[in-house]
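Asker: Fold the following.
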Amino acid sequence: MRHLSVPSAQTQHWLERCRSEKWLAEHTGVTSLSDGNKAIPLNQTAPPEGDAAWDGNALVDLAAKGKTPSHWTEHLSPEILKSHKDDLPKAYETQGDVLIVKIEESVWHLAELIADAMLTQLPSIRLICADLGVHGDFRVRNLEPLASRDGSTETVTRIKENGYFLWVDASKVYFSARLSNERTETLESAKKLKQRLARPLIVADPYAGVGPSMGALLSEPDLIEGYHAGDLNPDAVELLQTNLTFLGNRRKTEVGEPAPAPAPSTVICADATQWKTHSHLCNSSDLLLVNLPHDSVEHLPHLLPLLRRGQISLLRGWAIIERVNEASEKQKIAAAIIDAGGTIESLEFEEVKGFSASKSFMCFEAWVVLAVESLSS
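Answerer: Alright, predicted model coming up:
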C-alpha cells in the first residue's frame, strides 16, 4: 500500500490535508518509520509519486497497518456491545491518573470488563474507580476501585491545571476541573485589584478545598503577598497545606528570581463563619473568595469582616440558586455588603453554567469599600 512519508511534526497537517482531499485510506493507521518520519496510508485516488501536491515528500510502499481502536468500547466483545450498548458509560472524569466513572446497575456485572477496556485504551490512567455517589459529612465521592494498572488502589493523585500542579483525592475531597475557567477569571480580577492598590495582595480563601484558586494566584509573579486559606474538611486541609507549601516554594518574581515565602501563610481547619472571631484575620485581606455554593450568600455577613477597610477590596464567590430568585439573591449580596458598612462600586452576578432544570450555578463579583468606622461582625 502507498504511504506518504512526512516529518513527524507535520503528521497532523498532512492527515488533515489527505482527509479533506479524500486521499486517506480507511481501516488502517499511521506507521512510524526508521528515519523518524511518519507514513500516512493513501487510497487509490491519491496523486502519484512526484506530484506537486506532496510538496516534495516521498511515497513509500508498506504493508497496511491495522487501525488502533479509537474508543474504549472497541475493546469489548461484539456480543456485549450489541446487548448493552445503550447502558454503557457515555462519559467519565479523570483526575490525574485516576479515572472515575458511573456505571448503571444494569451493566454492573460488567464493571470489571468495562474498567479493563478503559485501562487498555488509556495508557496514562493508573486506576479506574466506580462513582457510587456521595457520602459522609463533607459529601465526598464513594469510590470503588475496579481495575489498577500497577495494583495500587490509592486515590491520591496529582493534576496539572493552568500550568501548576495540585495533589487531589476524589475519595476525600471535592475538586472540580470544570471550574478551571473560573479560577482563570479570579486570577484576572486579582491582577486588576493589584493594579489599583499598587501592591501585592493578601487573599482570604475560607473554602479553599485543596487550593485550586490559590494555585492560580500563587503562580502569578509578584501578585500575592500572603494568604489565609482553610477548609472544614481535615483531609482537604492536609492536601491544601501540601499544595500551598509546594506552590510557595516555587514562586518566582517577574524577573525570574526566587520570590519571598508568602506572609502571612495561614492554613486553618475551622468553620469559616467563625474566622471573624480571630482578630488577626479581621480587616486583613484585599481579596475574599467564597466558594460554598449552597451557602455562599448566607455566609457573607460572617465573612465580609475579613476584608480590609478604608480601601477598594474585591469579593468573588459562587452560588447555586433558583433561577427565579436571581434578582433577590443579588439584593441579598448587596444588603450584606451595605450592612457590613460597605459601599458598592460594582456588583456583577452572572451564570457560569446550568445546575438543574430550575437552578443555576452563578458567580458574583463585587468591588467594595468597607468603612473604617464600621464595627459590623
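Asker: Give me the contacts around stretch 4-24.
Answerer: Contacts to stretch 4-24, defined as CB atoms under 8 Å, 6 or more residues apart in numbering, come from residues 30, 33, 36-43, 45-47, 53-54, 57-60. C-beta: built from backbone N, CA, C; applies to glycine.
Asker: Can you flag the buried ones in the residues you listed?
Answerer: Val30, Asn37, Lys38, Ala39, Ile40, Pro41, Leu42, Ala46, Trp54, Asn57, Leu59 (16 or more other CB atoms under 10 Å).
Asker: farthest-separated two in those residues?
Answerer: Greatest spatial distance among these (CB to CB): Asn37 and Ala46, at 17.1 Å.
Asker: where does this structure have low pLDDT?
Answerer: 67, 373-377 (pLDDT under 70).
Asker: hmm, back to that, filter the buried ones among the contacts of stretch 4-24 down to the ones in strands?
Answerer: Using DSSP state E, the subset of the buried ones among the contacts of stretch 4-24 located in strands is Lys38, Ala39, Ile40, Pro41, Leu59.
Asker: And the residue lying closest to the second one once chain neighbours are set aside, which helix or strand is it part of?
Answerer: Right, the one you point to is Ala39. Closest residue in space to Ala39, ignoring its immediate chain neighbours: His3 at 3.7 Å, by CB to CB, 6 or more residues apart in numbering. Assessed by DSSP states H and E, His3 sits inside strand 2-6.
Asker: what distance separates that strand from the centre of its chain?
Answerer: How far strand 2-6 lies from its chain's middle: 39 Å, per CA atoms, centre = their mean, to the nearest Å.
Asker: Please apply the same query to stretch 10-22.
Answerer: Going by CA atoms, centre = their mean, where stretch 10-22 is centred and where its chain is centred differ by 32 Å.
Asker: And that stretch, what's buried?
Answerer: Buried-residue list, stretch 10-22, by 16+ other CB under 10 Å: Thr11, Trp14, Leu15, Arg17, Cys18.
Asker: ok, Asn37 - contacts?
Answerer: So Asn37 contacts Ser5, Val6, Pro7, Ser8 (CB under 8 Å, 6+ apart).
Asker: Was I right to think Phe246 contacts Phe165?
Answerer: Yes. Checked against CB atoms under 8 Å, the pair Phe246 and Phe165 is within contact range at 7.1 Å.
Asker: just to revisit the earlier point, how many other residues sit next to the residue nearest to Ala39?
Answerer: A total of 25 residues lie near His3 under the criterion other CB atoms under 10 Å.
Asker: what's near enough to touch it?
Answerer: So His3 contacts Thr31, Ala39, Ile40, Pro41, Leu42, Leu59, Val60, Asp61, Leu62 (CB under 8 Å, 6+ apart).
Asker: Show me this structure divided up by domain.
Answerer: Annotated domains of the chain cover 2-61, 72-154, 174-370 [automatic domain parsing].
Asker: can you tell me which of the ones you listed comes nearest to Lys160?
Answerer: Nearest of the domains of the chain to Lys160, taken as CB to CB: domain 72-154 at 8.3 Å.
Asker: measure that closest one end to end?
Answerer: End-to-end distance of domain 72-154 (CA to CA, to the nearest Å): 23 Å.
Asker: and if you look at stretch 308-315?
Answerer: For stretch 308-315, the first and last residues are 11 Å from each other (CA to CA).
Asker: who touches it?
Answerer: With CB under 8 Å, 6+ apart as the criterion, stretch 308-315 contacts 189-190, 193, 196-197, 202, 283-288, 290, 300, 304, 307, 337, 341, 345, 364-372, 374.
Asker: Same question for stretch 80-95: list its buried residues.
Answerer: Buried residues in stretch 80-95, counted by 16+ other CB under 10 Å: Ile80, His84, Leu88, Pro89, Tyr92, Glu93, Gln95.
Asker: OK, contacts around the fifth one?
Answerer: Same thing as Tyr92. Tyr92 neighbours (CB under 8 Å, 6+ apart): Leu99, Ile100, Val101, Lys102, Met118.
Asker: Spatially central residue for the chain, please.
Answerer: What sits nearest the mean C-alpha location of the chain, by CA atoms, centre = their mean, is Ala177, with 2.2 Å.
Asker: looking at it, that residue is touching Lys160, isn't it?
Answerer: No. Applying CB under 8 Å as the test, Ala177 and Lys160 come out as separate, 10.2 Å apart.
Asker: okay, the domains of the chain, which one's buried deepest?
Answerer: Scoring the domains of the chain by mean neighbour count under mean count of other CB atoms under 10 Å gives domain 174-370 as the most buried, with a mean of 18.
Asker: Give me the distance between Thr242 and Arg141.
Answerer: 20 Å (CB to CB, to the nearest Å).
Asker: who's Lys359 bridged to?
Answerer: Glu322 (DSSP bridges).
Asker: Then Asp131?
Answerer: Leu143.
Asker: now it: how far from Leu146?
Answerer: Distance from Asp131 to Leu146, by CB to CB: 11 Å.
Asker: Next: Tyr227.
Answerer: Distance of Tyr227 to Leu146, computed by CB to CB: 38 Å.
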